[in-house]
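Student: kindly generate the corresponding structure for this input.
(chains A, B and C)
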Amino acid sequence: MSTLTAAPITAPTIEYGELAPMLIIFGAAMIGVLVEAFTPRYLRKSIQMPITVLSMVGAFALTVWQGVRGVRSAAAMGAIAVDGPSLFIWGAILLLAIVSVLLINDDDHFVAEAAAVPGSAEEDQALSQGGAHTEIYPLVLFAVGGMMLFPAANDLLIMFVALEVMSLPLYLLCGLARRRRLLSQEAAMKYFLLGAFSSAFFLYGTALLYGFAGSVDLKAIATALSTVGGQDALLFIGAATLGVGLLFKIGAAPFQAWKPDVYQGSPTPITALMASGTLIAAFGALLRVFWVALGDLDAEWTPVLWGVAILTMVVGAVLAITQTDIKRMLAYSSIAHTGFLLTAVVATGKESQNANALSGILFYLLAYGFATVGAFAVVTMVRDPGGEAGHLSRWAGLGKRSPLLAGIFALFLLAFAGIPLTSGFFGKYAVFAAAVAGGAVQLVIVGVVTSAMAAFFYVRVIVLMFFSDPAPEGPTIAVPSMGTAAVVTLSAAATVVLGVFPQPVLDLAHTAAQSLFVR
Amino acid sequence: MIPNLVADPAGPTLADFGKDPLWISIIKALFIFVFLMLGVLFGVWFERKLISRMQHRYGPNRAGKFGLLQSVADGLKMGLKEDILPRVVDKVVYILAPVIIAVPAFLSYSIIPFGPMVSMFGVRTPLQLTDLPVAVLLVLAMSSIGVYGIVLAGWGSRSPYAVLGGLRSTAQVISYEIAMGLSFVAVFLFAGTLSTSEIVAKQASGGTWSLGGLDIPLPSWYAILLIPSFLIYVITMLGETNRVPFDLPEGEGELVAGYHTEYSSSLKFAMFQLAEYVNVFTVSGLAITLFLGGWRAPWPISLWDGANTGWWPMLWFFVKLVLVFAFFIWVRASLPRIRYDQLMAFGWKVLIPLNLAWILLVATVRALQNARSEQPGSVPVVLVIAAIVVIGALAIYFRFDTVNQRRREAKAAEVAADMELLDAEPTAGGFPVPALDLPHYHGVNGRKEVPSGTN
Amino acid sequence: MELYVPILVLAVLAAGFAVFSVGIAPFTGPKRWNRAKLDGYECGIEPTPQPVGGGRFPLKYMITAMLFIVFDIEIIFLYPWAVAFDKLGVFGLVEMVLFIVTVLVAYAYVWRRRGLDWD
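Tutor: The predicted structure is shown next:
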């Protein structure tokens, strides 16, 4: 008799209440699909948009409520951790997603008929008929749901499922830019192929770690580190391949190659969502894997992550200098910021040290997320006849034509550079202070040097905007819709507030990080 | 009391398998192999004979008594035909495809139970090659591998008919495989196992269903208890084996011979024919095992105590198999081939949703039954779910119904408009139709029509 | 594992038979070379040249294959659920209703977008 049928089965339990924020998002996504299926074309957008925003607001409210209630538990039989960091990350992702959705809701970003060959008669026809893929709303909801599940997964299989739920809609969304279709499709294809490749790495690592520990549970893997002996090959190869999968998702060098192409080709609102949400989610997952599952293995992985962090910072900062496209430059800047964040990931030590590093990372992610969404929102408004004015030379003299917009963009760039009185300063400070306390002084030195290099190209754009003569037939500044204006205002306000009066959010991050990850 | 000597009324269970010595396994495997080979020979003859009688013909009656040797002669003839290897084909795939399609067809039969425990050369063993905790999955897996044979045969032939036939056949088989797989779920719900021998054992007696103090005896065959599942299975088994009325892949009128167009009548072609018949036997055997009580004797015979012991059950199994196979032939004689879009629409739009709704219904009823006896507190929960399921199913059905109705009406209006337009102006459709009042149609001016070929 | 040995025995038998039949096929029959006979069969017209590595085929078949995978996985989830249904109780029912509804949402979408229609 096989043990399969003989083993008693007890019905598992699922804490629906604690998972409610995610369930709301996924439920809304499914309702969105039904709306796509059953409502007439002209009604879809006006139904989808409220569903999307309301579900996100509801999920955010529930997250806040759970934070207030002090929920700290591993839900769904320990597969999903609803703990301080998870709740903070959920809140951050939801806030940034709401902001991004306001941007996504704008007309003119997405293609009329994705299946039409670029430049073909079908495409023209779809354009003239005003076709639109309102599927983007459910897709965004699915992606956001995946982003929430990814850092909360306490089990490698759930994490993999979340990775796919997060990535697959994004692959699609990347290919839906309205203008420069070929570039957009190329971006989607690259992202998909490389993403699938990295997913395979992740899955392979999961399998090897399962072979090592006999479980995909993060806690069980942590326990197995001390109890299982003689399986080091499985453990090391598994941890390494798993790490490759995760480092790909955060875009750390040497796995950063996809980022510039994808950021450039995607519709800018989707770039904003990816640059903020995906980064936060992937960092949460990375932390959970390395700190919870492989926490006792830090002597082995710290040197590797040191190298990765240094390489990422240098590659991001150096290559950003050579960029001439604004979106590519922001992509490389995002890579550099990934490197800065990694300095705190390796700064592990005692519990209080870990909590400090974690709270620094959380604050940094939130601050960077707002600045990056705001920056991409500004990018959508500077337009050429053929779409967004990507080339940096087109931005020359923007400060003279539209001082307000250029000023706000300068604010975001200064925040990226980490100038005091912007959110970026406190983010960088928190992360570097934690890294110093954790003994990664050399890393911080590299970080400061590369920050200075990065500041150079940020300032270069500011100089270009304010001190160059405007191009004769320069780009037009689109009159922002309500949504875009709200996004820019919100992001700028967040950047300033977090830079001038960061204490409440720092405290919040600290409280969230205090309990560290549940096991 | 020696348990082995007492006839076990419930038959073997999973625990009785995996104990055979190798030579018993070889004997059983050889038996299945020979049985299937002879079955194919008999099946071809039986099909031709039966369908002839249904069409008031004699059928084969020259070779042997009643033409019994006809299929043997056909088989020999195939071996003596020239084996053509067309120039265009992808040789490796082309040669491999018949093997890939034939081998899994045989393997499915390894988990079909023929009978209870018997004594074979002094060894007590079940009349079944083997059984697995996931036995039915093996059948589904093997039929999926068989699909590779179809695809590769079409692909490797590299000719338009073969490629199209292969694609069509594949799409059809996988579409009906879903409905087939879903139709099993209700059986597993009731049997609580995927092992074929235990499913047969579960059909020994139906048990009772207590309703308000009354004990209503339930029928023992799942075919009666779960009749929607059975009906769906019967339809899908026709689709799965590419039999009439679903024999689209070989629609002679449109695709010559489908995926095996490029296989001349040699032994390679024989492999396809063989696999087709073996697949028919497999789905029939599965129907008997899962729905028709397996090798157990049907009702009047089952009153005799010895009916389900010893070697007798093999006879009942064979009888059932012949009857199910006769049903295949009956269907072939009665029904015309359906159109491909109808075939796919039927599989995807009717069988699958129907199946899912039925599964949920069965599960809800069963949960209600369990909840009543075990945890009465959860009865309201189950009732609420049942209500949601029923209302949801109805809502979706009506929604689709109205939409379909609207679509049909729109289509009819469009066709009517087209006809009207074409009536008014025959050239409107874009086809170069000669005007109906051309002189040579009517012989205007009293001129005689000039026949072609004269000058 | 010993449960699978008999299947292996049958597999060897069946594979031996199939390979033998396909293998001797070229030797048992006559050989009469004819150029036209070796062409692909297209009802008598000149065979259409087929691109190396296979040509294009309608996208519908790929959609069908992808839908098949979706539903096949659903079936794979349904089987263990059905087998353990009595032990899972109401929890099992609730979860499966949720799961089937999830799949049906996608199904309804595909249906409405004519993904199931053949023309």
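Student: can you show me the strands along the chain?
Tutor: I'll assume chain A. Ranges of strands in chain A, per DSSP state E, are A:73-74, A:80-82, A:382-384, A:387-388, A:476-477.
Student: my question was about chain B, not that one.
Tutor: Counting by DSSP E, the strands of chain B are B:115-120, B:123-127, B:208-211, B:214-217.
Student: what separation do you get for B:W348 and chain C?
Tutor: Distance, B:W348 to chain C, by CB to the nearest CB, to the nearest Å: 5 Å. All C-beta spots, glycine's among them, are computed from the backbone N, C-alpha and C.
Student: how many other residues sit next to the residue nearest to that residue when sequence neighbours are not counted?
Tutor: Spatial nearest neighbour of B:W348, excluding adjacent residues (CB to CB, 6 or more residues apart in numbering or on different chains): C:L116 at 4.5 Å. Residues lying near C:L116 (other CB atoms under 10 Å in any protein chain shown) number 21.
Student: which ones are touching the closest residue to A:Q256 other than its chain neighbours?
Tutor: Of all residues not flanking A:Q256 in the chain, A:I335 sits nearest, at 4.8 Å (CB to CB, 6+ apart). By CB atoms under 8 Å, 6 or more residues apart in numbering or on different chains, the residues touching A:I335 are A:G251, A:A252, A:A253, A:Q256, A:K259, A:T312, A:V315, A:G316, A:L319, A:A320.
Student: got a pLDDT number for the residue lying closest to B:P245 once chain neighbours are set aside?
Tutor: Residue nearest to B:P245 in three dimensions, not counting chain neighbours: B:L335, with 4.1 Å by CB to CB, 6+ apart. The model reports B:L335 with a pLDDT of 89.
Student: nearest to A:L235 among the contacts of A:I335?
Tutor: Of all the contacts of A:I335, A:L235 sits closest to A:A252, with 21.5 Å by CB to CB.
Student: residue numbers of chain C in contact with chain A?
Tutor: Within chain C, the residues that sit near chain A (CB under 8 Å from any CB of the partner chain) are C:83-84, C:87-89, C:91-92, C:102, C:105-106, C:108-109, C:111-113.
Student: which among the residues you listed count as buried?
Tutor: For the residues of chain C next to chain A, a burial check counting by 16 or more other CB atoms under 10 Å in any protein chain shown picks out C:V83, C:A84, C:L88, C:G89, C:F91, C:G92, C:V105, C:A106, C:A108, C:Y109, C:W111, C:R112.
Student: correct me, but the second one touches C:G92?
Tutor: Spelled out, that is C:A84. Yes. With contact defined as CB atoms under 8 Å, C:A84 counts as touching C:G92 (7.1 Å).
Student: so, low pLDDT: which residues of chain B?
Tutor: B:1-10, B:206-218, B:249-256, B:399-400, B:426-455 (pLDDT under 70).
Student: what sits against the most centrally placed residue in it?
Tutor: The centroid of chain B falls nearest to B:M237 when counting by CA atoms, centre = their mean (1.6 Å). Counting by CB under 8 Å, 6+ apart, B:M237 makes contact with B:M180, B:V283, B:S284, B:L286, B:A287.
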